[in-house]
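Enquirer: No sequence on hand, only this structure:
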């Protein structure tokens, strides 16, 4: 059986060129597919959080494993499957409604000051009022309803160094510092924060505290710190939301009838006793403030998820001063 000879001439040259181009294209396509597959695999594993640990974290994982009591011989096998946790960049600003943001917040401090001698308290309190005015420090001074020997001093500023640079020097003056001293465990320091729904973010963060603390129709105040149990943060977002909405509804009901106005501050990492929040309740009489605390005690959040509450400072406002900057609409 005879076979046809291979084609020659222009047709043969075209076939050869076509075969080479096809081979090149197929090879390039294979490389592209392989690259895409690798990228897709890497993307998928990254999305699933299965990307391998960077070298420095692998070394750290090995050290942490052995330090926790793991056997050195098992360290590679024990840590090789560990993945690099994805941590989003920290959000260091406050958010409000309609895309509002603010990097400013108000820091607030309550000092409970006890006199070495009850008889010297009135004179020292007068000097404190004079010096706070002279230093132009926005503040409120309370008489302590629970004690004839102590008073409360509330100050605030957007700059936390204000307490060290301005307030403390006043408290250290002769006639004040040698008569009045902070009661251990009663100083409360916190900062304003937003939940993201506030229609006027700046007003909420910077104006609400001084407005409520100095309301002419609400001279009484109850201040206390609080801390939740860790179990609360392990609850689902919907359950946390449900419990906190109950608290918000109670607070709204009391505010609408003028019985209690709230000041909410958080204090993560800046409270000496590791509290998480500082709460101020401001009202026209003491009964309404006591009643709202009683009602909130019955909620699921307070009954099951509070680790600590108090001490409670109960005060009657007897003096207040608004700094010139604050009166002019600026932040202090």
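Expert: That came in fine, so what should we check first? For clarity, every value in this text was computed on a predicted model and none was experimentally measured.
Enquirer: Now do the strands in the stretch 51-200 of the chain.
Expert: Remark: strands assigned in the stretch 51-200 of the chain by DSSP state E, counting those that start in this stretch are 94-95, 101-102, 107-115, 139-144, 150-157, 180-182, 188-191.
Enquirer: So what are the sheet partners of the second one and their directions?
Expert: Just to be clear, that refers to strand 101-102. Partner strands and pairing direction for strand 101-102 (DSSP bridges) are strand 94-95 (antiparallel).
Enquirer: quick one, which of the strands of the stretch 51-200 of the chain is nearest to residue 79?
Expert: Closest approach to residue 79 among the strands of the stretch 51-200 of the chain is made by strand 94-95 (37.6 Å; C-beta to C-beta). All C-beta spots, glycine's among them, are computed from the backbone N, C-alpha and C.
Enquirer: Residue 95 contacts residue 101, correct?
Expert: Yes: with contact defined as C-beta atoms under 8 Å, residue 95 counts as touching residue 101 (5.8 Å).
Enquirer: Shouldn't residue 282 be within a helix?
Expert: No: Residue 282 sits outside any helix when classified using DSSP: H, G, I helix; E, B strand; the rest coil, being strand.
Enquirer: and it, what is it in contact with?
Expert: If you count contacts by C-beta atoms under 8 Å, 6 or more residues apart in numbering, residue 282 has them with 212, 213, 215, 218, 220, 221, 260, 261, 262, 263, 289.
Enquirer: residues contacting the closest residue to residue 147 other than its chain neighbours?
Expert: The shortest distance from residue 147 to any non-neighbouring residue, by C-beta to C-beta, 6 or more residues apart in numbering, is to residue 114 (7.7 Å). Applying C-beta under 8 Å, 6+ apart to residue 114 gives the contacts 147, 149, 150, 180, 181, 182, 183.
Enquirer: Make CSV from the strands of the stretch 51-200 of the chain and add distance to residue 87 and mean pLDDT to it.
Expert: Shown next, in CSV, are the strands of the stretch 51-200 of the chain (distance: least, C-beta to C-beta, whole Å; pLDDT from 0 to 100):
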stretch, distance to residue 87, mean pLDDT
strand 94-95, 19, 96
strand 101-102, 21, 97
strand 107-115, 27, 99
strand 139-144, 40, 99
strand 150-157, 32, 99
strand 180-182, 38, 98
strand 188-191, 23, 99
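Enquirer: So, low pLDDT: which residues of the stretch 1-150 of the chain?
Expert: Low-confidence segments of the stretch 1-150 of the chain (pLDDT under 70): 1-51.
Enquirer: If we use 90, what do you get?
Expert: For the stretch 1-150 of the chain, the stretches flagged by pLDDT under 90 are 1-62, 64-65, 70-87.
Enquirer: coming back round to it: between residue 95 and residue 101, which one's more packed in?
Expert: Legend: neighbour count by other C-beta atoms under 10 Å for residue 95 and residue 101, higher for residue 95 (15 against 11).
Enquirer: Phi first, then psi, for the nearest residue to that one once chain neighbours are set aside.
Expert: Spatial nearest neighbour of residue 95, chain neighbours left out: residue 196 (4.7 Å); criterion: C-beta to C-beta, 6+ apart. Main-chain dihedrals, residue 196, degrees, to the nearest 10: phi 110, psi -10.
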